[in-house]
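Novice: the sequence and its predicted three-dimensional model are supplied below.
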Amino acid sequence: AVVPYGRGDYLAGVRLGGEGDVTQSARIWEKQGRGLGADVPTPAIRDGRAYVLNDAGGITCLAVETGDELWSSELPRNRNRFFSSPVLAGDKLYAAREDGVIFVGRVGDDDFELLAENEMGESVIAVPVPIRNGLLVRGQQHLFWIEP
């Protein structure tokens, strides 16, 4: 597991399982740095990589086993924050900002390419859900179904 804590100042890689007090023995790695982790969004993990979205829109791709940074990128800056966790569908990462803008980007081995910014017209703080070749988005007042 990749666990952000300390209001985004810390990030830890933790081995799951074990018995008793595993506070020290389960910790694989730990990183410290302002804005490295997140206060609210939970990292998305797939194929040995963790995609950490911080509250301000910074995205960092880390190797789960070592915590090594593979790449980082920034979504367009705005005064609004990210409360929703990022979600992966294929090679696309979806990130919803609280003002209702949903960003879509392609994640690669070495980089992130921003593909689209979608204005939903109302606040979105829930995680978008990829399902049945579409995307389910819960806004403040509506439930949206988006398909190709």
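Specialist: It's in. Residues are numbered from 1 along each chain as shown.

Novice: report the rounded mean pLDDT for stretch 76-84.
Specialist: Mean per-residue pLDDT for stretch 76-84: 95.

Novice: in that stretch, what counts as buried?
Specialist: Under the neighbour-count criterion of 16 or more other C-beta atoms under 10 Å, stretch 76-84 has 81, 82, 83, 84 buried. For glycine as for every other residue, the C-beta is placed from the backbone atoms N, C-alpha and C.

Novice: equivalent analysis for stretch 127-142, please.
Specialist: For stretch 127-142, the neighbour count (16+ other C-beta under 10 Å) marks 127, 128, 130, 135, 136, 137, 138, 139 as buried.

Novice: helices - which of those land there?
Specialist: Among these, none falls in helices (DSSP state H).

Novice: quick check: the farthest pair among these?
Specialist: With C-beta to C-beta as the measure, no two of the buried residues of stretch 127-142 lie farther apart than 130 and 139, at 16.6 Å.

Novice: about what we covered before: pick out the most distant pair among the buried residues of stretch 76-84.
Specialist: Every pair of the buried residues of stretch 76-84 checked by C-beta to C-beta; the farthest is 81 and 84, at 9.8 Å.

Novice: so what sits against both of those two?
Specialist: Common contact partners of residue 81 and residue 84 (C-beta atoms under 8 Å, 6 or more residues apart in numbering): 97, 98.

Novice: the protein: helices as residue ranges?
Specialist: Under DSSP H, the chain gives no helices.

Novice: ok, back up a step: now render the buried residues of stretch 127-142 as CSV, adding distance to residue 94.
Specialist: Compiled in CSV, the buried residues of stretch 127-142 are given as follows (distance: C-beta to C-beta, whole Å):
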residue, distance to residue 94
127, 9
128, 5
130, 7
135, 7
136, 11
137, 9
138, 13
139, 14
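
Novice: nearest to residue 36 among those?
Specialist: Each of the buried residues of stretch 127-142 was checked against residue 36 using C-beta to C-beta; the closest is residue 127, at 21.0 Å.

Novice: could you measure the residue of the chain most remote from its centre against residue 77, distance?
Specialist: Distance from the centre of the chain peaks at residue 20, with 30.2 Å (C-alpha atoms, centre = their mean). Note on residue 20: its distance to residue 77, by C-beta to C-beta, to the nearest Å, is 45 Å.
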